[in-house]
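Peer 1: build me a model:
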Amino acid sequence: MRVIEVKKLTEINLQDYLHASNSNKAELARFAYRIQSKIRGVKFGIRANMMDDAQCRLHVYYPDDKYVMGHITYYTSNGLGFYTVNARDIYNERSKQSAPNMKKSQNIEAALRTACKFLKRYTPLEEVCCSHEKLDGKITGLISADRREFSDVTNILSSGVGSTYRYRSQEDIPDQASFINEIRNILTQHDFADPGVKAVFTSLITTYDNVQVAEALRKDTYTYVRLVEGERVVMMSGVPAPMYNGNPAEYYDGVITRTTHDQVSEYIQNAVATLFLLSDGEFVSGLGLRVDESTYYVQEPRGN
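Peer 2: Residues are numbered from 1 along each chain as shown. Got it, this is the predicted structure:
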C-alpha cells in the first residue's frame, strides 16, 4: 500500500460531499461521518492531482500525524453499492494483485467495523520505516559490519510495518546520515514499550558512528602516544588508523620512540592536552582520538 503524507492532502468539507449532486459522493460522506463518530478527531482529505475527488476516495488521517491511516471509497457496480476500506494491515488474498489492502462491503455497518479495526495511526517505529524505500537493503548497505546485527535490526523494523508498503521513487530514499539522524530523533523523542527495539537502534547508531570514525581516520596518519609511569612517553609516528583497543605495535614496522615528556614536540603536547579533556573513545576530526587517560592518537598535519 502506498504511503501518503498528510501534508500533501487538502482537507474536504464533508457537508459539501453530503449535498453533492453525485450520489456516490453523498453516500461516501455518510460513511465518513459514521467513521468520525467512532474514531474521534479524524479528518478526511484528497490529493488535488491524483483523481481522489473524481474517484470518490477520501484519505483518513489525524492532522498532527505524518502519514494517513488509509482511505475509504464508495462505488456502484451493476446496481449495487460498495463501501471500501483500504489500510496497511488489511491483506485480501482474493484481490492480492489489484487491491491487496482493501476490504469491501455492501453493508455500511460491516464497513464501519472494518474501518474501526484497521484504520490505525502509524507508530514512531513505523514512521521511520515508511521514510525509506527497500528498508532491509538500505540498512544492510549502510555499514560493512556485523551482518547478524543488521539482521536483527531489519527483522524488528520489518515486523513493525509488514511487507505491504511501497514507495514511489528513488528520490524518496535519504542518504545514510539522514537515515541515522531520523533514528536518533526517534530515540530521543519516544519511549519504546519493547526495550529490545531501543537496544537494537542504539547498537545500529553506535556501529554507524564507529565506522564513520574509522573511515575518517583511515584518510590520515596519526602519532600514537602512550603516557607511562613518570614522565616517560612511548610514541609511534605514521600510524595509518587508530585502534580503540589493542596496541599498534602489533602491526607497526616503524621506529618506536621512547622519550620523556619534555622532549615531545609542542604540537604533540598541545594536542594531547586538548584530547585529555575529552571522554574515552571520543574523536575530533583534525585533532585525534582519546582512547583513555593515558593513550591518544594525534592526527598528524596534512601535507607533512
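Peer 1: hey, what's Val233 bridged with?
Peer 2: Leu227, Thr259 (DSSP bridges).
Peer 1: that one reaches Gln269, doesn't it?
Peer 2: No - contact status for Val233 versus Gln269: not in contact, 9.7 Å apart, counting by C-beta atoms under 8 Å. (C-beta placed from N, C-alpha, C; glycine too.)
Peer 1: who has more neighbours, those two?
Peer 2: Val233 (21 against 15; other C-beta atoms under 10 Å).
Peer 1: so who does that one touch?
Peer 2: Going by C-beta atoms under 8 Å, 6 or more residues apart in numbering, Val233 touches Val225, Arg226, Leu227, Arg258, Thr259, Thr260, His261, Gln263, Val264.
Peer 1: among those residues, which pair sits farthest apart?
Peer 2: Using C-beta to C-beta, the contacts of Val233 reach their maximum pairwise distance at Arg226 and Gln263, which is 14.7 Å.
Peer 1: those two: who's more crowded?
Peer 2: Arg226 (18 against 10).
Peer 1: who's in contact with the more buried one?
Peer 2: With C-beta under 8 Å, 6+ apart, Arg226 has these contacts: Val233, Val234, Met235, Ser294, Thr295, Tyr296.
Peer 1: distance check, the residue lying closest to Ile35 once chain neighbours are set aside against Gly281.
Peer 2: Spatial nearest neighbour of Ile35, excluding adjacent residues (C-beta to C-beta, 6 or more residues apart in numbering): Ala115 at 5.0 Å. Counting by C-beta to C-beta, to the nearest Å, the gap from Ala115 to Gly281 is 51 Å.
Peer 1: again, but for Ser203
Peer 2: From Ser203 to Gly281 the distance is 15 Å (C-beta to C-beta).
Peer 1: one step back: quick one: which of Ala115 and Gly281 has more around it?
Peer 2: Ranked by neighbour count (other C-beta under 10 Å), Ala115 and Gly281 place Ala115 first, with 26 against 14.
Peer 1: circling back: assess the claim that the residue nearest to Ile35 and Val85 are in contact.
Peer 2: Yes - look at Ala115 against Val85 with C-beta under 8 Å: they come within range, at 4.9 Å.
Peer 1: common neighbours of those two, please.
Peer 2: Counting by C-beta under 8 Å, 6+ apart, the shared contacts of Ala115 and Val85 are Ile72.
Peer 1: what are the structural domain limits within the chain?
Peer 2: 6-118, 124-217, 219-299 (automatic domain parsing).
Peer 1: lowest-confidence stretch among those?
Peer 2: Ranked by mean pLDDT, those bottom out at domain 124-217, which scores a mean of 53.
Peer 1: quick check: bridge partners of Tyr67?
Peer 2: When bridges are called by DSSP bridges, Tyr67 pairs up with Glu5.
Peer 1: okay but it is in contact with Val3, surely?
Peer 2: Yes - with contacts counted by C-beta under 8 Å, Tyr67 reaches Val3, the gap being 5.7 Å.
Peer 1: what sits against Lys7?
Peer 2: Applying C-beta under 8 Å, 6+ apart to Lys7 gives the contacts Lys66.
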